[in-house]
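Colleague: sharing a model that was predicted from the sequence below.
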Amino acid sequence: MLVESEPDLKVVGEAGDGPQGLMLLEDLQPDIAIIDLMMPGMIGMEVIKQAARVSPNTKSIVLSMYSDDIWVLGALEAGSSGYVLKDSSSEDLVNAIRTVVEGKRFLSRPISMEKLEAYKASLHSDE
């Protein structure tokens, strides 16, 4: 309802699980897919990866309750262009959609790219 209330945004499909979501992505080829990390049938990270194959021009935004670096970094590495926390303001999701459509990355506060880059660097320093 939040997205539909915006005059310049339109919901074209809604799925109850990962496999159904991928079928809709392939059929509808939307500009943006909002993906929950924890959904029935298939984890969101896998949906993000497969979405790039079935709908290459669709950009994904994760909507999740998980703010841990490992989840955020995993989603971004899987190909997500945005990450919005479920406890964020309703405006955050709308801003995320508009930002990602412009070709930019969107992260909810308190997530920051600097924090994620430091975390990613620490993972690679152990190798």
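Modeller: Structure's in. What do you need?
Colleague: show residues contacting the helix or strand of the chain with the lowest mean pLDDT.
Modeller: Sorting the helices and strands of the chain by mean pLDDT, DSSP states H and E puts helix 113-125 at the bottom, at a mean of 72. Residues outside helix 113-125 that contact it (C-beta atoms under 8 Å, 6 or more residues apart in numbering) are 69-70, 72-73, 76, 105, 107. C-beta coordinates here come from the backbone N, C-alpha and C atoms, glycine included.
Colleague: how about the helices in the protein?
Modeller: 18-28, 44-54, 69-78, 90-101, 113-125 (DSSP state H).
Colleague: got a markdown table for these, with mean neighbour count and distance to L9 too?
Modeller: Output for the helices of the chain, formatted as a markdown table (neighbours: other C-beta atoms under 10 Å; distance: least, C-beta to C-beta, whole Å):
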| stretch | mean neighbour count | distance to L9 |
| --- | --- | --- |
| helix 18-28 | 17 | 15 |
| helix 44-54 | 19 | 19 |
| helix 69-78 | 18 | 22 |
| helix 90-101 | 17 | 6 |
| helix 113-125 | 11 | 25 |
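Colleague: just give me the neighbour total for N57.
Modeller: Using other C-beta atoms under 10 Å, N57 has 8 other residues around it.
Colleague: residues touching it, list them.
Modeller: 29, 31.
Colleague: so how far is L63 from it?
Modeller: According to C-beta to C-beta, to the nearest Å, N57 stands 20 Å off from L63.
Colleague: cool, and V94?
Modeller: 12 Å.
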